[in-house]
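Peer 1: after the sequence you'll find the predicted model.
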2 protein chains.
Amino acid sequence: MELIDGKKISQEIKQEIAMQVQSILAEGGKRPTLAAILVGHDGGSETYVANKIKACEECGFNSRLIRFESDVTEDKLLEAIRQLNDDDEVDGFIVQLPLPKHISEQRVIETIDYHKDVDGFHPVNVGRMAIGLPCFKSATPAGIMMLLERYNIPTSGKRAVVLGRSNIVGKPVATLLMQKGYPGNATVTVCHSATDNIKEICREADIIIAALGQPGFVKADMVKPGATVIDVGTTRVPDSTRKSGYRLSGDVDFENVAPLCSYITPVPGGVGPMTITSLMRNTLLAASKSVYE
Amino acid sequence: MELIDGKKISQEIKQEIAMQVQSILAEGGKRPTLAAILVGHDGGSETYVANKIKACEECGFNSRLIRFESDVTEDKLLEAIRQLNDDDEVDGFIVQLPLPKHISEQRVIETIDYHKDVDGFHPVNVGRMAIGLPCFKSATPAGIMMLLERYNIPTSGKRAVVLGRSNIVGKPVATLLMQKGYPGNATVTVCHSATDNIKEICREADIIIAALGQPGFVKADMVKPGATVIDVGTTRVPDSTRKSGYRLSGDVDFENVAPLCSYITPVPGGVGPMTITSLMRNTLLAASKSVYE
């Protein structure tokens, strides 16, 4: 069993990005800039945004944080988005989700200029990814594909089972895994809450992508010996022994599943760091006009 | 075994559409209008477009055919598309594919205003379908879903195997089958040219959607007794006994597979007529602003 070290790969990629930024600057180009809009003070969101800003520093990007209180009107938020759309200094930006209930997330996402949509949530980017055209791929699925690639995990002709059909992980990672090329060409099955015999289906898998948000869902009797298991779950579980009062729990019963696997991602330190690194990669692609002219 | 009569269902739906058009006109609304751009004189394309115009008449739509010779420049074609985008009389339009090699199909598709993209090929419509938002669903996948619905074929929790990963059938029908609601909630596996053990995978399927374009690919030993088989293949096979010199061949060895099935579509007369009917339905939705305001 080999542990897939998302933290290490993530560091490597950020260093590669930082070197590319150095080249851009040496050639007289401008420093890539990522902006983030944060609404309210949700603990998880604060942490994510802080980590994104830290990653920008590691990559040599400029970053900009725009904060609103949680009672901000939708109009005011959309206005801020339009300003970022028009701001030539900003190469890409994100609006940290979730948003307060009085704001339509979909309207927010669709107001972002897709040329700057480095989260890859805009329908144009989602559609272009489905078709196989250049686009900003959403961060978690792209991060998973980078892990498979960096560890040279075979995917062509392999059975991949994706647990979960969310718009931000399950569906897009299924699309990427089935597309031509490497890492892709897998035979992909998507399981979800309405699936029968999920255990039997998982047991056929060479690659399991667990993205249900159900702590410990994938048990040892669901995993074929030699499988690769990618755990996307990051549920906060109360834990009085931790200073924070919680720990992150993946969708996989790691202790019992890991001994069976060829490769497995830990939680934390697996897919999580890759998500932020994918965002950095998308920002570099935006700044260098590599996706859209 | 029950034959899924796409021709009959298609007639029924066109009659329903025609009645809705009557109501629109009775309320002082305008007659829906579909335009089609046809480049060159390819026999298949001529037939498809003629059938689409005939279907418009059956539905009570106005239709408009815009023809170009096959040496038309891309610029001239794009200009014609922009004129249709701006033409308030036209609710929706299509550009019949394939196009001559000197014209970028993707540029053509992306030039169509997605509000009028009743083929559902524009990235915005593809992306919105993937996310599960209101959109123009591409015609063949939507037609397949209508057949499942009209025959009350159970899909929830069922194993569906999609053969083929094309942008116009395989990938979108997989997306629709896995989405929440009916007909959906299926556990979907997508197989393609890189898939190993395709026979074994098909044998697990409650529903097979064959969209490979390989005549007679699905044999009796690939089908579980009681399965539903939807044949999307329409390959022209030379046949000297026919006046036309060819016959349409599906992806399924119908003669030997049909006796095993609960439901099966014939070729022709199965999915084919539904594709055009889906286009009519999208045109009605465009005219009544039911998808986009």
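Peer 2: Good, I have the coordinates. Being a predicted model, the structure only gives us computed values, none of them experimental.
Peer 1: what's near enough to touch residue A:150?
Peer 2: Neighbour list for residue A:150: A:9, A:12 [criterion: C-beta atoms under 8 Å, 6 or more residues apart in numbering or on different chains]. C-beta coordinates here come from the backbone N, C-alpha and C atoms, glycine included.
Peer 1: do the one 5 residues further on as well
Peer 2: With contacts defined as C-beta under 8 Å, 6+ apart, the neighbours of residue A:155 are A:148, A:177, A:182-186, A:207.
Peer 1: among those, which ones are buried?
Peer 2: When the contacts of residue A:155 are checked for burial by 16 or more other C-beta atoms under 10 Å in any protein chain shown, the buried set is A:148, A:177, A:183-186, A:207.
Peer 1: among these, which are in helices?
Peer 2: The members of the buried ones among the contacts of residue A:155 that map onto helices under DSSP state H are A:148, A:177.
Peer 1: make JSON lines from the buried ones among the contacts of residue A:155 and add pLDDT to it.
Peer 2: Listed next are the buried ones among the contacts of residue A:155 as JSON lines, based on pLDDT from 0 to 100:
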{"residue": "A:148", "pLDDT": "98"}
{"residue": "A:177", "pLDDT": "98"}
{"residue": "A:183", "pLDDT": "96"}
{"residue": "A:184", "pLDDT": "97"}
{"residue": "A:185", "pLDDT": "98"}
{"residue": "A:186", "pLDDT": "98"}
{"residue": "A:207", "pLDDT": "98"}
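Peer 1: in a markdown table, list the buried ones among the contacts of residue A:155 along with distance to chain B.
Peer 2: Converted to a markdown table, the buried ones among the contacts of residue A:155 look like this (distance: C-beta to the nearest C-beta, whole Å):
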| residue | distance to chain B |
| --- | --- |
| A:148 | 15 |
| A:177 | 9 |
| A:183 | 12 |
| A:184 | 8 |
| A:185 | 4 |
| A:186 | 8 |
| A:207 | 13 |
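Peer 1: out of the buried ones among the contacts of residue A:155, which sit inside strands?
Peer 2: Members of the buried ones among the contacts of residue A:155 lying in strands (criterion: DSSP state E): residue A:207.
Peer 1: get me the contact residues on chain A for chain B.
Peer 2: A:106, A:122-133, A:156-157, A:165, A:167, A:171-172, A:174-175, A:178-180, A:185-192, A:194-196, A:201 (C-beta under 8 Å from any C-beta of the partner chain).
Peer 1: distance check, the residue nearest to residue A:57 when sequence neighbours are not counted against chain B.
Peer 2: Distance criterion C-beta to C-beta, 6 or more residues apart in numbering or on different chains; nearest residue to residue A:57, sequence neighbours excluded, is residue A:63 at 7.3 Å. Distance of residue A:63 to chain B, given as C-beta to the nearest C-beta, to the nearest Å: 27 Å.
Peer 1: equivalent analysis for residue A:2, please.
Peer 2: Distance, residue A:2 to chain B, by C-beta to the nearest C-beta: 24 Å.
Peer 1: quick check: which element contains the spatially most central residue of chain A?
Peer 2: By C-alpha atoms, centre = their mean, chain A has its centre lying nearest to residue A:140, at 1.7 Å. Assigned by DSSP states H and E, residue A:140 falls within helix A:139-150.
Peer 1: tell me the buried residues in that helix?
Peer 2: For helix A:139-150, by 16+ other C-beta under 10 Å, it's A:139-148, A:150.
Peer 1: quick check, distance from that helix to the centre of its chain.
Peer 2: From the chain centre to the centre of helix A:139-150 is a distance of 8 Å (C-alpha atoms, centre = their mean, to the nearest Å).
Peer 1: residues contacting residue A:234?
Peer 2: A:248-250, A:267-268, A:272 are the contacts of residue A:234 under C-beta under 8 Å, 6+ apart.
Peer 1: now the residues you listed in TSV, with secondary structure and pLDDT?
Peer 2: Listed next are the contacts of residue A:234 as TSV, based on DSSP: H, G, I helix; E, B strand; the rest coil; pLDDT from 0 to 100:
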residue	secondary structure	pLDDT
A:248	strand	89
A:249	strand	94
A:250	coil	97
A:267	coil	96
A:268	coil	94
A:272	helix	94
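Peer 1: and these, which two are the farthest apart?
Peer 2: Spanning the widest gap among those are A:249 and A:272, at 12.1 Å by C-beta to C-beta.
Peer 1: please identify which of these two sits among more neighbours.
Peer 2: Neighbours of residue A:249 and residue A:272, each counted by other C-beta atoms under 10 Å in any protein chain shown, are more numerous for residue A:272; the result is 24 against 21.
Peer 1: export stretch A:117-134 to CSV, keeping only CA atoms.
Peer 2: What follows is stretch A:117-134, C-alpha atoms only, in CSV (Å, rounded to 0.1, in the frame of the first residue of the first chain):
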residue,chain,number,x,y,z
ASP,A,117,-14.1,31.8,-13.3
VAL,A,118,-11.1,30.0,-11.8
ASP,A,119,-13.4,27.8,-9.7
GLY,A,120,-14.9,26.4,-12.9
PHE,A,121,-18.5,26.6,-11.7
HIS,A,122,-19.9,28.8,-14.5
PRO,A,123,-22.1,26.8,-17.0
VAL,A,124,-19.8,27.7,-19.9
ASN,A,125,-16.8,26.1,-18.1
VAL,A,126,-18.9,23.1,-17.0
GLY,A,127,-20.2,22.7,-20.5
ARG,A,128,-16.8,23.1,-22.1
MET,A,129,-15.4,20.5,-19.7
ALA,A,130,-18.2,18.1,-20.6
ILE,A,131,-17.5,18.6,-24.4
GLY,A,132,-13.7,18.3,-23.8
LEU,A,133,-12.8,21.9,-24.8
PRO,A,134,-10.2,24.1,-23.0
